[in-house]
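Undergrad: Structure for the following, please:
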Amino acid sequence: MGNPMWLIARRSFTEGWLRLIATLLAALGSIALIAGSLQFALRAQEAVSGSDASVHFRSDVLVQGGTVDPDAPFAPPGGRIRLDRVESRPGVAAAAGDAAVAVTATGPGGQAIMAAAEGRTLLRPWMSDPRLNPYRLEAGRAPARDGEVAIVRHMSRAGKLQVGDTMALTLPRETRRVRVAGVVSVQGSDAVATGDLVLAPPETVRHAAMLPPGIWQSVWVKAAPGVPADRLRGELARDLGGAATVRTAESVGRAQSAAAAGEGASIAGVVGMLSLVAIFVGLFVVANTFGTLVRQRTRRLALLGAIGATPRQIKRLIRFEALAVGVVASVGGVAAGFPLSALIIRLFARDGFDVSAAGAQFGWVALGLPAAAGILVTQSAAWRAAHRAAGISPVQALRSTTTETRERRWPRLLAASAIFAGTGFWYAVATVVRATDPPGPDRTVGVGLMVLFGSLLAVTGLALLTPFFVGPLGGLVGRLGMLAGGETGRLAHATITRSPRRVASAASSLMVGVALVASVVLVTQSVNDRFQEAGRQVMAAEHAIAATARTPEGAPAPLARDAADLVTGTPGVSRATALTQTEVMLVSPAERPDPGEEPEPSSFLVSGAEQAGLRDVLRLGGRPPALSPGEIALSSAVMEERGLRHGQKITVRGSQGQVTLTVADAYHDPSHLFADQALAAPSTMERLDANAATQVILVRGGSAEALAGAVAAVPGVQVLDRNAYVDAASSSLTRPLRATYSFIGMALLLALFGMATTVSMSVAERTREFGLLGAVGATVRQIRSIVRWEAATVVALGTILGLAIGTGWLALLHLATGSSFLRPDPPWWLFPLVAAGAAAATLAISSLPARRAAAVPVLEAAKAE
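TA: From the prediction side, this is the model:
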């Protein structure tokens, strides 16, 4: 770029700094939203992945009872092993039994202590042998007697627990109060990949795990000096045969680290999908505001051509300005992304997903990607604007300062058609996913994402076509203005129809905001209504005893099973049924997805409930019969997906080994809250998992006050009515929806800011016009009315298109997924409420520009560009 063009660029910056700042702020906010969302996703990935700290780092060999699932390294083994069968073998220097029991820890204040991210809190034995003990005491001492525990540092910090404090532990069968004797770390880390640890004397853990004396879930082994771990593993595997699975501790640690890393990547992907809408809005606002900035300088750029500037020089000038704006906005946006990600983390932590244990990320992905996105989008926005400005002749630019040049329709129509073709592609993919995948939540999520991608492209295509809608709609608004305001309405009509692209820029930002609000409200309303409807249909019990604590997924945490005994004798109670749950692996018949592939075991959840009087508390579809020991009822979806039939023998593997069951019947739980996949009797559950988690106690009869009194001595327990429990139980299923609120809220604010910037810049663009109107006799009130009528067009166009996108997206989701939870049945109050909100936001945004337009002096207007 030659020296004269550099001087012109510098003067352009100094004279138009207010407009540049407005564009810069919009770009900075957009990039901050992108950077904050990405920062949160990366921190979530690190928090879920955990550290490389392993409780097995001092062990050489791990002997696990029965068989283990190689794809689930954190799952308990499917059998038991006697400690004396291992410690007496040659080559074994030390051996200690191990078991893991999922618990819920409650601090002195009654608040549940949540493990980091998606982790769990496990009760494990303290290893007294220093050759095997992986725990380093940071404070206090080791637990020496029943009722004493040591906790990891994360629990101490999260629960504000010190040595000597008392906390409650909810075990599968009882709730106990224990004293904190010590605080530990593992390989310098505050926690392990599985989450938090509560360490107790071995006999306390063995009793909690319902294990006979001398028998454990697994045994940690230290090899004798000079004995390689691989050789000892082979000898133990040969001696123990099929009674145990023997692996080196190093291989187990690697598998657990890999699984945690994979889960972290999966969580990051989910968070990335949730933030996709916010990122899209950010990019949209950057492109829109920068395009408006360049468009309002069309006359100056065209005049540069009159004094000898070539089209190439004009394009380079605009791209240089875009580069300057993009670089500054990228640096500021990346910096602002850190406090924004901290805000997102706090909002998610309130819902039980705490990733604060992970530190801020400073890698090239966290810093370079948002910066590159800002520069790329500003350059892309500048390309078309520069191409248009370079093609305008000086004569056309001198005709008017405000009238837009007439553009050819076919490039815009061609671009929109290409984008809509992409929309059709994603919708076609959604159709294929629905046709090929079995019914279930995974299919619904997959189809929903495909529809979301297509809908984002559809929004982009509609934004390109909005100038075509301005003419007809602006004419209608202008005629209303003429009826209401006479000459003022006529001027407003002329202003609107003369500059469709200017009006379309503001309307497209409002369209995005309205579409976001309408989509979230419609989906939330539909999902919540369906859960309430189906929950009331299935739950016949009037009350539910549930935990006040939450699981990492957001559902009520498990209860101690003895709480059911406390309410059985309560006056008025006719039935109290504990609903337990465990996960099993279907071993036979194994799933064979495609011909030629190896059979793959698949898992499902089994709910256990006392069969006598089950219909008094639950009304399941299909009315399954009372199940005998050894029988299991499967949901129709599981039957169809696994290809099972009535009366078939199946083999499943639970935490206590393999069990053969008979498929007694099929049923359906339309609420997906109580027995979504399988149902069994308590005796069968004991064979599958003696410590199956108690999800809820369903109570028929009695009063809430009497039930609350019966469980008053149990910490962390509450009595809920039918509607309240359905809301609480559905929290884990609606959590992804709630997770979008933060991103949607920030995206909405950004869209409104983009609209405010566009409206303000459009008023500044017409300084000469408004000043001259005042010079020929227009009053302040009339000039303000002109701006407000133009705002009314923005409201009408943005609201109509936004509501159409929101309702259309939900209708497509319903058609594509077939889910009864996504019904296109909007409440009557939604449309007037959204329209009123859009009108209020637009009028508030346009009030200041309207005042500024009415106050333009004639002399300033005469010298305006």
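Undergrad: Pull the lengthiest strand in the chain out as PDB, backbone CA atoms only.
TA: As assigned by DSSP state E, the longest strand anywhere in the chain is strand 573-591. C-alpha atoms of strand 573-591 as PDB (Å, rounded to 0.1, in the frame of the first residue of the first chain):
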ATOM      1  CA  VAL A 573     -48.900 -45.200  55.200                       C
ATOM      2  CA  SER A 574     -50.200 -48.200  53.300                       C
ATOM      3  CA  ARG A 575     -47.200 -48.900  51.100                       C
ATOM      4  CA  ALA A 576     -43.500 -47.800  51.200                       C
ATOM      5  CA  THR A 577     -41.400 -49.200  48.400                       C
ATOM      6  CA  ALA A 578     -37.600 -48.600  47.900                       C
ATOM      7  CA  LEU A 579     -36.600 -48.200  44.300                       C
ATOM      8  CA  THR A 580     -33.000 -49.400  43.800                       C
ATOM      9  CA  GLN A 581     -30.900 -49.300  40.600                       C
ATOM     10  CA  THR A 582     -27.700 -50.800  39.200                       C
ATOM     11  CA  GLU A 583     -26.000 -51.200  35.900                       C
ATOM     12  CA  VAL A 584     -25.400 -54.600  34.300                       C
ATOM     13  CA  MET A 585     -23.800 -55.800  31.200                       C
ATOM     14  CA  LEU A 586     -25.700 -58.100  28.800                       C
ATOM     15  CA  VAL A 587     -23.200 -60.900  28.200                       C
ATOM     16  CA  SER A 588     -25.500 -63.300  26.300                       C
ATOM     17  CA  PRO A 589     -26.900 -62.900  23.800                       C
ATOM     18  CA  ALA A 590     -24.300 -60.200  22.900                       C
ATOM     19  CA  GLU A 591     -25.100 -57.500  20.500                       C
END
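Undergrad: same for it, what does it pack against?
TA: helix 563-568, strand 600-608, helix 636-642, strand 649-654, helix 682-688, strand 693-701 (3 or more C-beta pairs under 8 Å, 6 or more residues apart in numbering; DSSP states H and E). For the C-beta atoms, the positions are set from N, CA and C on the backbone; glycine is no exception.
Undergrad: Return the most buried member of the ones you listed.
TA: Counting by mean count of other C-beta atoms under 10 Å, strand 693-701 has the highest mean neighbour count of the helices and strands packed on strand 573-591, with a mean of 23.
Undergrad: Tell me how far that one lies from the chain's centre.
TA: Chain-centre distance of strand 693-701: 29 Å, with C-alpha atoms, centre = their mean, to the nearest Å.
Undergrad: ok, residue 433 to residue 809 distance?
TA: Shown here: residue 433 relative to residue 809, a distance of 17 Å by C-beta to C-beta, to the nearest Å.
Undergrad: what do you get for residue 570?
TA: Distance from residue 570 to residue 809, counting by C-beta to C-beta: 48 Å.
Undergrad: Those two: which has the busier surroundings?
TA: The residue with more neighbours, out of residue 570 and residue 809, is residue 809; 25 against 18, by other C-beta atoms under 10 Å.
Undergrad: Quick check: that one touching residue 519?
TA: Yes: at 5.5 Å, residue 809 counts as touching residue 519 under the criterion of C-beta atoms under 8 Å.
Undergrad: I believe residue 760 is in a helix; please confirm or correct that.
TA: Yes: when DSSP: H, G, I helix; E, B strand; the rest coil is applied, residue 760 is found to be in a helix.
Undergrad: That one: neighbour count?
TA: Around residue 760 there are 20 other residues, counting by other C-beta under 10 Å.
Undergrad: looking at this, residue 122 is in a helix?
TA: No: read with three-state DSSP, residue 122 is strand and lies in no helix.
Undergrad: pLDDT score assigned to the closest residue to it other than its chain neighbours?
TA: Computed as C-beta to C-beta, 6 or more residues apart in numbering, the closest residue to residue 122 that is not its neighbour in sequence is residue 100, at 4.6 Å. The per-residue pLDDT reported for residue 100 equals 92.
Undergrad: Can you verify my assumption that residue 248 contacts residue 220?
TA: No: using C-beta under 8 Å, residue 248 is not in contact with residue 220; the gap is 11.8 Å.
Undergrad: Give me the common contacts of these two.
TA: Here residue 248 and residue 220 have residue 62 as joint contacts, going by C-beta atoms under 8 Å, 6 or more residues apart in numbering.
Undergrad: Name the residue in those two with the higher neighbour count.
TA: Neighbours per residue (other C-beta under 10 Å) separate residue 248 from residue 220, with residue 220 holding more: 27 against 21.
Undergrad: any idea how far residue 565 is from that one?
TA: Distance from residue 220 to residue 565, by C-beta to C-beta: 36 Å.
Undergrad: low pLDDT regions in the stretch 1-150 of the chain?
TA: 1-20, 22, 48-52, 70-72, 116-118 (pLDDT under 70).
Undergrad: Do a quick rundown of the strands in it.
TA: Assigned by DSSP state E, counting those that start in this stretch, the strands in the stretch 1-150 of the chain fall at 61-65, 81-82, 92-98, 101-102, 104-106, 120-125, 135-140, 148-152.
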